[in-house]
Structure formats: C-alpha cells, structure tokens
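**Student:** have a look; sequence and predicted model below, questions after that.
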Amino acid sequence: MPLSLTARAAAGRFAVVTAAVAVGYYYSLATLIRGLALDTPLAYLGLVPFIALALIVVRGLAPRSEPEIHDRHVDYIVGTPLLLLALAVVLILPIHESTFFWLWRLDLLSLPFFVAGAVCIVFGLRALWRLRFPVAFLFLAWPLPFSTVLTGVLDGFTTMTTRSLTLITQLVPIAQPAAGYDGSVFAVNHDGQSFVVAVASACSGVNGVVGFLLIGLAFGFLVHGSLIPKSIWLVGGMLLVWVLNVARILLVFAVGRQWGEAVAIDWIHPVVGLVFFNLGVLAMLLAMPLFRLDIGARTTSASRPKRPTPIAQARPRLAVVRAGVACMLVVLAGVTGMVANARMEQYQLVAQDLGAPRLTDLSVANASISGWSLAKTDTFSWAQQYFGPQSNWMRYQYDWQQGAPGASTFQSSEPVIMDVISTNDLYTFSTYGLEACYQFHDYRVMDTRTIDLAGGVTGHAVTYYNPAIDSDWIAVYWEWPVVGTSGYRYERVILNLLRPVGEHLAAPPLSASMSSAPQFVVNDWLLGSSKGALSTDLTDARNFLVGFAQQVVTSAASQTGQA
C-alpha cells in the first residue's frame, strides 16, 4: 500500500533530522560503536543511540488523538536555543576545557540537546513532548555518570564475583584460586598442565549489568504496568545477567579443564558472554507476564469511546505543515557540528575512545626531546598545603646539547625549566591559578593567550616581567588528566624560559591551525586574555617555547606504551 503524502513528508523530515545528527556527531557516535567490541563496563553504551532511534520510531508511529492547536513561534523559541546550546558545547568548550572535554565526553552530553532542538523546529514542540523519553534516553550514552558510579562499586562487584567462583569451585573442582594472587586468578588443570584465568573487573559481570540496565529502561518505557513491578523486573534482570556471567566463567573453566586453554580462551570466551547475555534478556522478556507487564496496547471497554469523536474522525496530518526552512537550519547545524566533531579525533593521541587518559603519571617525566637532556632538579613538598596531601611538585630541566646541534631543530643556550604539579583534587587548580599566582607575586603580565598544543591539549602562553630579578620570562602551561596507581590524577605542566639576551635561540616556525583559529579567538575573548605588543625577541622566545611544548606533549604521549 503506497504511503500517503503526509506519511512521505514525515518520513522525509525524519530522514533529514537523522542524517543531520549522524553527520554532526559522526566521530562521537563512531567512538561509541567501536566501544561495543571492547571488554569494558561501558561497552554497551554504544547501543544507546540505536535504542533511542528505535524508541523514537515506535513512539512516532503510535496512534494519537490531540487537538490541532499549534504555534510555530513557540517551536523556534524552544528549539533554536537547544540547537545553539549543543553547537556552543562542541565549538567552544573543547578549547576552554582542553583534554578534560574528552575525559568528561561533553560532546555526548550535547547530543540530546541537538536532537531535541532539531525535533522541536522540524516536527513541533508537541512532537518533542511526545518523544521526551527517547530523547532523554540519549543522556545514557554519556559515559561520565557511569564511570563515576562504577569507580566506587567496581572493586566490590569484582570481589563478589570472585568469592562466588571460589565457593562454587570448592564444590565443583574444575579450577582453584591460584597461589600468590589476590583471589581473582584461578588455575585450571588440563592433562597435568596448569594455566591461569584472571577474572578482571571487566569480566566480573558489570558489563552485562550495565547492558541490561540500558535495555531494561527502554522496555520499561514500552511495556504497560506500574512502577514497582517494572523496578522489580529490572533489578531481577540485572541479577540474572550477573548469575549467567558467573555461569559463563565456570563454563570457561570446565572447557579449559576438558579441552585445554586454546579452546577455552580463544573459542569459548569471546562468544559465550554475548550468548549468555542474550539468553538473559530473552528470559526476562518472556517472564514479563509474571510481573504483570505486557508490551501490547491495552484497550478496555471503559477506555474505548462509545462513538467517534471529531478528533478521531479527522484525517491525520502533520502539525507542522511547512518545514523547509526548519530542515535547512537543522542541516546547517549538522554541518557546523561535523566541522567541530572532526577535530575530536586528535584526542586519540592522549585519550581513549570513551574518555579514559592514555597518559600515566610518569609520561611527562620521561618526555625526552631529541638533542636535549632531561634531569630532575628539585622537589617542593610545601605545595601540599595548596594542592592537597596527595599532591607533589617536581621540577625538571631541559638542556640543549650543544655538541649535537643537528639533532634537534629546537636550540637554546638557556635551559627550559619544567614544573609538574600532580594532584588528585582538580579543584585546587582552579583555586590556585598560575596567572593569579603571578599577580600575587607582583609579576607584570605583558601578554596572555590560548595556544593549540598536540592531541587536543589547550595550553596558555604567558609573558611576564619578574621585578625581583629584573628579567622577562615566558611560561607555557597546560593541565591534563593522567592515570596513577590509585586512579585518575591531574597534572599542571609549566615550561619556563628566561628571555635570551644576545644568546642563541632557534626553532622552526609555528604552524597555525586555520580550523581552530576562530575558536581560540572566541575563547580568548570570553576569558578576557590580554594580548600586548611584544618585542621581536620576546615574540621569538614565546614561539620557541610554544613549539617546544608541542614537542613535550607529543613525546609524553609516546611514553604511554612504555610506562
């Protein structure tokens, strides 16, 4: 049966909005989809956009009766700010927040606002209200809340799984806890030879629990029933998925004991987890009637109208009759978002797909520059009163090796001093800002500007005069997250260079990024950065230190695999 004109128009608008979202957030969505192949508690977040899209289709096709009262002015008043807010997040915040933008995955936080704005101006505010749950469901693609919660419960969850395995293997001796470990490593004996299987946090079942939580919330929107049975069903499903994960690990033990490590780890382990998870979801769907839940639409004699109303007799039509201008605005917003989204691939140098840092707390300390020596020169313990008891302040010094002038394009007779302040309290960096510290010590700041370093790292260049020693200095600093032995830590890295006076200084010219230049101009304007007229030698020294900082960032990133 051919589609009506109204259905074709609705399908065309739906295609425009979907394409604009896919284009505007293509890299952000790609990182979520790549995460589906990872063995991580956040792997199933890649399902969120697909589930939300399915919910939008189901909800959009649901029959409805409502009065034909509509106001396009309200649609634009509500929808346009939502689109602008989403674009402001992906255009301005990557510069302002530097690598923390990707650590917190603020691009995914902006996604629901973009979708809400697009739906509102293309289909109308009433359509957005009908789709409020599917649009809000997109917030579940944001990794930060999950990672924050899982950080506190993951160790306990893993302990619960390993203790359950220990208890079961005492009754069924298919494996035993390996000696010399913390209880999360099990030894499996096959034909007199033993191999070990480690039950890491990602294998503890939290992956499946998070996955069922996402799927269960979606079904909770579709099924009919009260809140309490839905909640019991959701909790019961998460418990069942965890039990099936324990059974999966026991199956790996049993297969390894019978047929060896290769069959258990290379064949069974990669497949059986997905199979058991799907079985758990299917079992909970079939068990819905036990919880007085059903998916089909309910019609009762009390709710069925005795005679057709004028609204029910009315021919179905779109509330928004003409949406050509609205579709053009959404396409323009999608293309603008695509330009910003394309730059986010650079974060791969220092961060992983779901935001976790690649750098460790040893990376920058080993950031060697060709032709330069690097040595630790001092430690400042008094910094703990400002940056917390778990903080430290290390000072390093780069010295150019004049005996090998061809080994580096960066040459300076003055050393580059590098201070690295590390803390587990990011708030202290806001409390004790570097430029505020300079002003407190009566340094005269002559020029400040935001600079683009490698890997999405946004730095700050400060040129200042120190009256205590009557000298000009250039500082380049940035802040970024790193992985320490006890979790995430945060570093402020400061490079200082004394103004060379009649001394040797050489560096290649800086390469300006035309795609990011407007964003840096806007960021400097918002921060009120003061750009002064510097002398030629100070400008050269600043450009030297900016280029040198880019080398340090790149070198630190190359140390992540060695740390």
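**Tutor:** Looks like it came in fine.
**Student:** CA atoms for contacts and neighbours, from now on please.
**Tutor:** Will do.
**Student:** how far out from the middle of the chain is the longest strand anywhere in the chain?
**Tutor:** The residue-count maximum for a strand in the chain (DSSP state E) belongs to strand 471-484. Centroid displacement of strand 471-484 relative to its chain, using Cα atoms, centre = their mean, to the nearest Å, is 23 Å.
**Student:** pLDDT of the following helix or strand past that strand, averaged?
**Tutor:** Counting by DSSP states H and E, the element after strand 471-484 in chain order, helix or strand, is strand 487-498. The average pLDDT for strand 487-498 rounds to 93.
**Student:** who does strand 487-498 pair up with?
**Tutor:** According to DSSP bridges, strand 487-498 has the following sheet partners: strand 416-423 (antiparallel), strand 471-484 (antiparallel).
**Student:** quick one: low-confidence ranges for the stretch 101-250 of the chain?
**Tutor:** Residues of the stretch 101-250 of the chain meeting the criterion pLDDT under 70: 202.
**Student:** among the strands paired with strand 487-498, which is nearest residue 382?
**Tutor:** Closest approach to residue 382 among the strands paired with strand 487-498 (Cα to Cα): strand 416-423, 11.7 Å.
**Student:** so what touches the closest one?
**Tutor:** Contacts of strand 416-423 with the rest of the structure, by Cα atoms under 8 Å, 6 or more residues apart in numbering, involve 361, 387-388, 390-399, 489-497.
**Student:** likewise for stretch 38-53?
**Tutor:** 29, 32-37, 134-135, 137-138, 140-143, 146-147, 202-203, 206-208, 210-211, 214-215, 218, 354.
**Student:** related to what we said a few turns ago, in the longest strand of the chain, what counts as buried?
**Tutor:** For strand 471-484, a neighbour-count test (16 or more other Cα atoms under 10 Å) marks 472-483 as buried.
**Student:** which of the contacts of strand 416-423 are buried, as a PyMOL select command?
**Tutor:** Entered in PyMOL, the line below selects the buried ones among these, by 16+ other Cα under 10 Å:
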select buried, resi 361+387+391+392+393+394+395+396+397+398+399+489+490+491+492+493+494+495+496+497
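**Student:** now, the most widely separated pair of the buried residues of strand 471-484?
**Tutor:** Applying Cα to Cα across those, the maximum distance is between 472 and 483, 35.0 Å.
**Student:** quick one, strands of the stretch 301-450 of the chain?
**Tutor:** 372-379, 392-400, 411-412, 416-423, 444-452 (DSSP state E, counting those that start in this stretch).
**Student:** okay if I get those as a markdown table plus distance to residue 336?
**Tutor:** Formatted as a markdown table, the strands of the stretch 301-450 of the chain follow (distance: least, Cα to Cα, whole Å):
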| stretch | distance to residue 336 |
| --- | --- |
| strand 372-379 | 42 |
| strand 392-400 | 41 |
| strand 411-412 | 40 |
| strand 416-423 | 37 |
| strand 444-452 | 20 |
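**Student:** closest one to residue 506 among the ones you listed?
**Tutor:** strand 411-412 (5.0 Å).
**Student:** partner strands of the closest one, parallel or antiparallel?
**Tutor:** Checking strand 411-412 against DSSP bridges gives partners strand 505-506 (antiparallel).
**Student:** circling back: out of the strands of the stretch 301-450 of the chain, nearest to residue 83?
**Tutor:** strand 444-452 (26.5 Å).
**Student:** the helix ranked longest in the chain packs against which elements?
**Tutor:** Counting by DSSP state H, the longest helix found in the chain is helix 227-259. Here helix 227-259 touches helix 143-171, strand 185-190, helix 206-222, helix 269-286, going by 3 or more Cα pairs under 8 Å, 6 or more residues apart in numbering; DSSP states H and E.
**Student:** can we see that at 6 Å?
**Tutor:** Counting contacts by 3 or more Cα pairs under 6 Å, 6 or more residues apart in numbering; DSSP states H and E, helix 227-259 is packed against strand 185-190.
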